[in-house]
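S.K.: Generate a structure from the sequence data that follows.
(2 chains)
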Amino acid sequence: MLDRPAMVEPLDDDKTPATFTGNRGLDQEESLIFEIGRLDATGVDIDDPAPVATRLGALERTAPIGLPGLTEPETMRHYVRLSRKNYSIDAGLYPLGSCTMKHNPRSNEKIARYEGFADLHPLQPQSTAKGALELMQALADWLMTLTNMQAVALSPKAGAHGELCGMMAIKSAIAAKGESATRNVVLIPQSAHGTNPATAALLGFSVRVVPAAPDGTVRAQAVREALGPEVAAIMLTNPNTCGLFEREIVDIADAIHEAGGYFYCDGANFNAIAGVARPGDFGIDAMHINLHKTFSTPHGGGGPGAGPVVLSERLAPFAPVPFIRRNSDSFELVEDAERTQSFGRLTAFHGQMGMFVRALAYMLAHGGDGLAQASKDAVLAANYVRASLRDVMTQPFGDRICMHEVLFDDAWLRGTGVTTLDFAKAMIDEGYHPMTIYFPLVAHGAMLIEPTESESKASLDLFIATLRDLAQSAKAGEVARFTPAPRLAPRRRVDEALAARKPVLRWTASAAA
Amino acid sequence: MRYHPLSEADRSAMLATIGVPSVEALYADAPAETLLKASLDLPKGKSELDVERFFAKLAERNVPASRAPFFVGAGAYKHHIPASVDHLIQRSEFLTSYTPYQPEISQGTLQYLFEFQTQVALLTGMEVANASMYDGSTATAEAALMAHRITKRRKALLSGGLHPHYAEVVRTISRLAEDEVETMGPDVGAVEELIARIDDTLSCVVVQTPDVFGNLRDLTKIAEACHKNGALLIAVFTEAVSLGLIKSPGAMGADIVVGEGQSIGNALNFGGPYVGLFATRHEFLRQTPGRLAGESVDADGRRSYVLTLSTREQHIRRDKATSNICTNSGLCALAFTIHLTLLGEAGLTRLARVNHANAVLLAQMLADVPKVEILNESFFNEFTLRIDGDAAALVEKMAARGVLAGVPVSRLLPRAGLDDLLIVASTEVNTDEDRDAFVAALKESL
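M.R.: Residues are numbered from 1 along each chain as shown, chains lettered A, B, ... in the order given. Presented below is the predicted three-dimensional model:
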């Protein structure tokens, strides 16, 4: 095998290094701002306000808030120290399946901060934001071309918000046909993201689970058997959360349409097929696109995302406001739903403009062919990992071609005393963020690996070598390498049960005293 | 392509390991007729320099807030952001990490979320806060849904001072989720008879302060009426800086407090990304939407933070979840937290006073302008003007004179017959010269 990462010390049961790198100078413990800040300290110098008679009625605050402040150098140090306790895609391969942790170009950060974009108010006159509207339309055009769909709603703030948008459009279309009372069931495969059933339930639909075939995909026959006049829609992810292309997707689309329902496609995994195949050609009616996955806007520790939704001709009239209308020589933002069939408004303003800039910059940098290359490299990398580990780890649906992510289960760990969780935590001691674990639910002890197109072959080889080494170690019964892991991270295993049993969700002076 | 490390030789070697002749073979599961046979009609890739040129040209066609005397508010506000905020949020470890599912290597994110939750709870006067929502408007809709779950009633009453776009977001989701909403008429002077409308069929009453017209509202009596009828009071704010100077919604009896956090640490961004703040009482914790960071210990007994109470959430509970939210606004929450740490209580209070003083100064100057009337009894940094004429046309005329004057009420409420109203905001960025320019452009444009 290749050399192991230099930062990993050989493990010794009698010794627990205090820090990830073993270098105490670089990783300090850091208290809360409430423990180091002072009520009278500030890192912002502000001139005295003009002496005026206040207009606050009787509502001026009299009690202190209790917010500590820090000067600028203290603030810098506090947050830099905190940052050093995080893993990041900039620092290493981040194989979280279904999350798509790919390279985040810094040019996109720079462009998003041009004051002509970052310093624009959503309600300033449209005549002073023409370039912004043109940018939004350019992004919409790219998304429609890549998906072969007829319209796009830009305002959804993240993937789940996009799902809500798409399902609201579907519910509105059903209402327009006078079928609201009867069509109230949504079909969802067992492997779906949790957001799918949560979204359907939020809109008052009941969820009917569609079983997967033994190969991990959904059969059109199974959909037909679940269909009826009460079915409003199917929510299907393609490629699915097992990393498999839904082979019968066109037949499934036909089946749902024949039954008078709509096809919502969860586009979380669009990054496997962008530029290679167009969801509109599958026969879908709506799909959200996570700009923070496929088009690389940074995940930021859990957001912000952006979830524009492409819509078919049938759903386009129901798109939320605001939307952009193309006039002869300019673009207009339509903000008023009156006299349209729009289902209404999803958010106060026009969507995640900061993310639109970054995503469009990513698209322009790649070009159409470059995006196809990104998809292919992502699929190639996942299959390379699969082919390189298939002799030591097991796959729930047999060894078959996957898309941008490869799913393993824990059958190969049975009897070793090592669980999926232990294996994941041991990866941390080897310098890696673990893969997605225990999702999708259809695989026992799931381990879902998505390497993305951003990794070099050398990086993939080192990752594979490390996982092989761990796998062999687990099979050899070297439990001591797993159950106490991680030992080299900023923290050992955190007691999640305690956190849930006695929730402490904020600092309080009394608890500290 | 500069973002793709694999060479052709690498690709060939990898295909050999996989045992397929070509990448195309990896797409064998896709129906053949759906695979593209030719390139899409899209441009070729561009160099970094050319991409930046493309966007620079688009950016030039916009008028940024910093390039004009700027008085636009109504839900988003122009404030100065210290350079260290933007520097820190661009640290790789914050910018390019995922939701902190592995706490052992995500303590940075988890600790700042814990700090953020504490700051939001303190600021709003509530017991607990979550780790952020998309923005203030979606937080408001989520609060109404939460009130329905808690009270087992399904009717919300919206104040006429609630931002009309927020009200639309609540109405949209309520209509499609088959819940009821009553909306009071636009309440320019904060005189609506809300209390008379509160009865025991309501799950919640949603009131904004400062309201969209800029008025400050005392929530105390509304809270009492809500509680007497078993309903919850949801308090909304769109200008977080106001909390530095005015009584917190929690102190006035609110049960859920939601708001827009953009004002602290986050740029205008033409509407997003922003950060929704969400705070409530401890007793409602298990009905709260969104992520929560909690304190715990690790195997060595060291204080640690971890995402908690996830049995409320979609990835565990699926169709029984409290919300479908997954990704939230982590990085915007970090910007909020860093800026608020820099300010501290002393800085926030001072910033709020400067905002208020600047608005009062402008109001005093406008008192002398004929054909213009300020409709507010009270305000923080924003108020509503009645002008003699159409406010939308006035805004365009003033923009032509280089002043971005405010938001015409007709843009938010197109058919309310309030076309002569203009919402004007003034923050710490406004100077004496800006105010003079505003008054001069106004006089010339009326």
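S.K.: Contacts for the helix or strand where residue A:187 lies, please.
M.R.: Here residue A:187, judged by DSSP states H and E, is contained in strand A:185-189. Contact with strand A:185-189 is made by A:167, A:196-197, A:200, A:205-212, A:218, A:223, A:226-228, A:230-237, A:240, A:256, as judged by C-beta atoms under 8 Å, 6 or more residues apart in numbering or on different chains. Heads up, the C-betas are built off the backbone N, CA and C, glycines and all.
S.K.: does whatever residue of chain B ends up closest to chain A sit in a helix, a strand or a coil?
M.R.: Nearest to chain A, among the residues of chain B, is residue B:344, at 1.5 Å (C-beta to the nearest C-beta). At residue B:344, secondary structure determined by DSSP: H, G, I helix; E, B strand; the rest coil is helix.
S.K.: So what's the residue count around it?
M.R.: A total of 26 residues lie near residue B:344 under the criterion other C-beta atoms under 10 Å in any protein chain shown.
S.K.: before we move on, back to that, kindly supply the ChimeraX command isolating those of the contacts of strand A:185-189 that are buried.
M.R.: The buried subset of these, as determined by 16 or more other C-beta atoms under 10 Å in any protein chain shown, is captured in ChimeraX by this line:
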select /A:167,196,197,200,205,207,208,210,212,218,223,226,227,231,232,233,234,235,236,237,240,256
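S.K.: hmm, back to that, isn't the residue of chain B closest to chain A right up against residue A:70?
M.R.: Yes - using C-beta atoms under 8 Å, residue B:344 and residue A:70 qualify as a contacting pair, with a distance of 6.9 Å.
S.K.: Grab the nearest non-local neighbour of the residue of the stretch 351-500 of chain A found nearest chain B.
M.R.: Relative to chain B, the nearest point of the stretch 351-500 of chain A is residue A:368 (2.9 Å; C-beta to the nearest C-beta). With sequence-adjacent residues excluded and distances taken as C-beta to C-beta, 6 or more residues apart in numbering or on different chains, residue A:368 is closest to residue B:42, at 2.9 Å.
S.K.: can you confirm the one you found is in a helix?
M.R.: No - when classified by three-state DSSP, residue B:42 is found to be coil rather than part of a helix.
S.K.: So residue B:154 sits against residue B:180, correct?
M.R.: Yes - taking contacts as C-beta under 8 Å, residue B:154 lies within contact range of residue B:180: 5.9 Å.
S.K.: Mind checking which of these two has more residues around it?
M.R.: When neighbours are counted by other C-beta under 10 Å, residue B:154 and residue B:180 differ, and residue B:154 comes out ahead with 19 against 15.
S.K.: and the nearest residue to the more buried one once chain neighbours are set aside, how many residues sit next to it?
M.R.: With C-beta to C-beta, 6+ apart as the criterion, residue B:154 has its nearest non-adjacent residue at 4.5 Å, and that residue is residue B:179. Other residues lying near residue B:179 total 19 when counted by other C-beta under 10 Å.
S.K.: How much space separates residue B:179 from residue B:146?
M.R.: Note on residue B:179: its distance to residue B:146, by C-beta to C-beta, to the nearest Å, is 12 Å.
S.K.: Repeat that for residue B:212.
M.R.: Distance of residue B:212 to residue B:146, computed by C-beta to C-beta: 22 Å.
S.K.: So between the two, which is more surrounded?
M.R.: Set side by side, residue B:212 and residue B:146 show more neighbours around residue B:212, with 30 against 25, by other C-beta under 10 Å.
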